[in-house]
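Trainee: 3D model of this:
(one chain, ligands or ions: 1)
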Amino acid sequence: MTTRLGVNIDHVATLRQVRQGHDPEPIAAALIAQSAGASGIMAHLRADRQHIQDRDARLLKEVLSVPLNVACAASPDAMESVIPVKPHWVTLVPENRDELIAPGGLDVVFLQAHLRQFIRELHTTDIRVCLFIDPQTEQVKMVSRLEADAVELNTGHYSNLPEGADATQELDRLRESSKLASRLGLRVSAGRGLTLRNAAPVAALPEIDELNIGHSIVARAMLIGMERAVQEMLGVIREGQA
Ligand code: PXP
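Mentor: The predicted structure is shown next:
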């Protein structure tokens, strides 16, 4: 099975928000990513709306033919914004107002009672639910117990290893967690910090169905265009699987 690529377009919107104007248009970027081979589009609707806005989420759902995956916090406000959009997937992620990006995954063991109500609410409206977690056995088992549909494994710790460091341990954690999640019947994706240099070994893990990649692709797109940036990443994913 070929690993699919979900393109996270948050940082196209980040650039637009700097001037509070129209450019660059994240919807256009998503459509180009889709035609270049992305299997899905991800966007994070943050509580502080630092990048993606409600209008972006609505328009993405309307115009895309690939699945839309909206990441958001597990909070009543986030549910109120995301449910009317009816994305194919909602990925629940940790969110911290002070940080641009929270470094870890959701602690689903600690938050189980809190998460259960939101998972139920999303299921009631036919939205599939993914939980973004660190690759740890207890976390994966809890995602299954909470009856979520999918797990996204945080590759942030792997991606943050210093250049030249031995990645065996982090890759083993991703391998073991992806195997367990798949055995438990969960769809498995992974992402955070993946780049042209480090994505291939993660793409090589057979249970991982999709990689969600944003910053690296959007950064490359500034230099070589969105279409080529997506195709370049797809090339690296295919090489990883060869
Ligand atoms: N997966 C999730 C759950 C995310 O929230 C993000 C972006 O914040 C990504 C993947 C993509 O990460 P990156 O931009 O580092 O590629």
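
Trainee: give the contact list for residue 219.
Mentor: Listed by CB atoms under 8 Å, 6 or more residues apart in numbering, the contact set of residue 219 reads residue 11. Using the backbone N, CA and C atoms, a C-beta is placed for each residue, glycine as well.

Trainee: which SS state does it fall under?
Mentor: helix (DSSP: H, G, I helix; E, B strand; the rest coil).

Trainee: tell me, how many neighbours does residue 188 end up with?
Mentor: Using other CB atoms under 10 Å, residue 188 is surrounded by 24 other residues.

Trainee: and what of residue 195?
Mentor: Counted with other CB under 10 Å, residue 195 comes out at 15.

Trainee: And for residue 81?
Mentor: Residue 81, neighbours per other CB under 10 Å, totals 19.

Trainee: other SSEs contacting the helix or strand containing residue 238?
Mentor: Applying DSSP states H and E as the criterion places residue 238 in helix 226-241. The contact analysis (3 or more CB pairs under 8 Å, 6 or more residues apart in numbering; DSSP states H and E) places helix 226-241 against strand 4-8, helix 26-35, helix 199-203, helix 215-224.

Trainee: Determine the next helix or strand in the C-terminal direction from the third one.
Mentor: Under the assignment DSSP H and E, the closest C-terminal helix or strand after helix 199-203 is strand 210-213.

Trainee: Can you name the residues of this structure sitting close to the ligand?
Mentor: 8, 10, 44, 71, 91, 93, 101, 132, 152, 191-194, 212-216 (CB under 6 Å from any ligand atom).

Trainee: thinking again about what came up before, could you pull out the buried residues of the helix holding residue 238?
Mentor: The neighbour-count check on helix 226-241 (16 or more other CB atoms under 10 Å) flags 226, 229-230, 232-234, 236-237, 240 as buried.

Trainee: quick one: it to strand 4-8, angle?
Mentor: Counting by axes from the mean of the first three to the mean of the last three CA atoms, to 10 degrees, helix 226-241 lies at 140 degrees to strand 4-8.
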